[in-house]
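S.K.: Sequence and computational prediction follow.
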Amino acid sequence: MCDYDDDLYHERLPNVCGAIGAKARSCCSTDTVKRLLPISTWLPKYKARYLVGDMVAGLTVGLTCVAQGIAYGAVAGLPPVYGLYSSFMGSFMYILFGTCKDITVGPTAIISMMVNPHIDGNPDLAVLLCFLSGCLILLLGLLNLGVLVRFISMPVTTGFTLAAALTVGSGQINNLFGIESNSNEFLKSWINFFSHIEQTRRNDAILGCGTLILLLLMRVSADAVNHP
């Protein structure tokens, strides 16, 4: 017979209280506060000479958000005011919780296009959809599932972005020429455009096409300056 150590068969229960205490201490630490509230890290290091540049950048982005918010609200089939709310409220919250200064916060053309078929112009449904999406994103963040994005290949992302751009652009072709349309879908928009092209409003068409040409010229000039 072999003599076995009694500790070999001794079951050690987990120290639940100790684990909870250690977790509580880590949650109340300074590092945890800085990780959850990045503003506590960069705000003490902020310098006065950054203020003028940040004000100019903030004013520029703010004016852009006004136009974008109105447009995205229309793409989603909602009143323009909801597009403005979505543009600014997310930015206000990102001041406290944001970790990247180059990220786009707020509605986008793709999101607005995907929301439109599911809310039927009802703002309450849009708010509910936003809340459920936020809960899902929070859950994914807590589970550290951001790595799943790596499994989406670049051709898939490029194709989706291109298709969304064509769909959104086609949905606004009637508005560009001042033609009334009851649908923003791809085929229905073009059918309505060619069927009622005689109803084109000259001033609207000149303003819209002129603005597009100006934006394209600014894009070309910017590329020429940055890549001579």
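M.R.: Received it, and whenever you're ready, just let me know what you need.
S.K.: could you give the mean pLDDT of the one helix or strand residue 157 maps to?
M.R.: Element membership for residue 157, per DSSP states H and E: helix 154-171. Per-residue pLDDT values over helix 154-171 give a mean of 84.
S.K.: Contacts for that helix next, please.
M.R.: 75, 109, 110, 112, 113, 184, 185, 186, 189, 190 (Cβ atoms under 8 Å, 6 or more residues apart in numbering). Where you see a C-beta, it was placed from the backbone N, CA and C, and this is true even at glycine.
S.K.: Near the nearest residue to residue 126 once chain neighbours are set aside, how many other residues are there?
M.R.: In this structure, residue 126 finds its nearest non-sequential neighbour in residue 119, 4.8 Å apart by Cβ to Cβ, 6 or more residues apart in numbering. Close neighbours of residue 119, defined as other Cβ atoms under 10 Å, add up to 17.
S.K.: Also residue 61?
M.R.: Neighbours around residue 61, by other Cβ under 10 Å: 13.
S.K.: and if you look at the one 5 residues further on?
M.R.: For residue 66, the count of nearby residues is 14 (other Cβ under 10 Å).
S.K.: residue contacts, the residue lying closest to residue 115 once chain neighbours are set aside?
M.R.: Closest residue in space to residue 115, ignoring its immediate chain neighbours: residue 76 at 4.8 Å, by Cβ to Cβ, 6+ apart. Applying Cβ under 8 Å, 6+ apart to residue 76 gives the contacts 82, 83, 107, 111, 112, 113, 115, 116, 119, 126.
S.K.: Among these, which pair sits farthest apart?
M.R.: Within the contacts of residue 76, two members stand farthest from each other by Cβ to Cβ: 82 and 113, at 15.2 Å.
S.K.: Dump the helix or strand hosting residue 127 to CSV, restricted to CA.
M.R.: Here residue 127 sits within helix 123-142, counting by DSSP H and E. The C-alpha trace of helix 123-142 is given here as CSV (Å, rounded to 0.1, in the frame of the first residue of the first chain):
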residue,chain,number,x,y,z
PRO,A,123,-39.4,58.6,-34.5
ASP,A,124,-40.4,56.4,-31.6
LEU,A,125,-39.2,53.3,-33.5
ALA,A,126,-36.0,55.1,-34.4
VAL,A,127,-35.3,55.8,-30.7
LEU,A,128,-36.0,52.2,-29.8
LEU,A,129,-33.7,50.9,-32.5
CYS,A,130,-31.0,53.3,-31.3
PHE,A,131,-31.4,52.1,-27.7
LEU,A,132,-31.3,48.4,-28.7
SER,A,133,-28.2,49.0,-30.9
GLY,A,134,-26.5,50.7,-28.0
CYS,A,135,-27.2,47.8,-25.7
LEU,A,136,-25.9,45.3,-28.2
ILE,A,137,-22.7,47.4,-28.8
LEU,A,138,-22.2,47.7,-25.0
LEU,A,139,-22.5,43.9,-24.6
LEU,A,140,-20.0,43.3,-27.4
GLY,A,141,-17.6,45.7,-25.8
LEU,A,142,-17.9,44.1,-22.4
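S.K.: Need the contact partners of it.
M.R.: Contacts for helix 123-142 (Cβ under 8 Å, 6+ apart): 76, 78, 79, 82, 86, 115, 118, 119, 146, 148.
S.K.: Lowest-confidence entry in those?
M.R.: Per-residue pLDDT puts residue 146 lowest of the contacts of helix 123-142, at 77.
S.K.: All set now, cheers.
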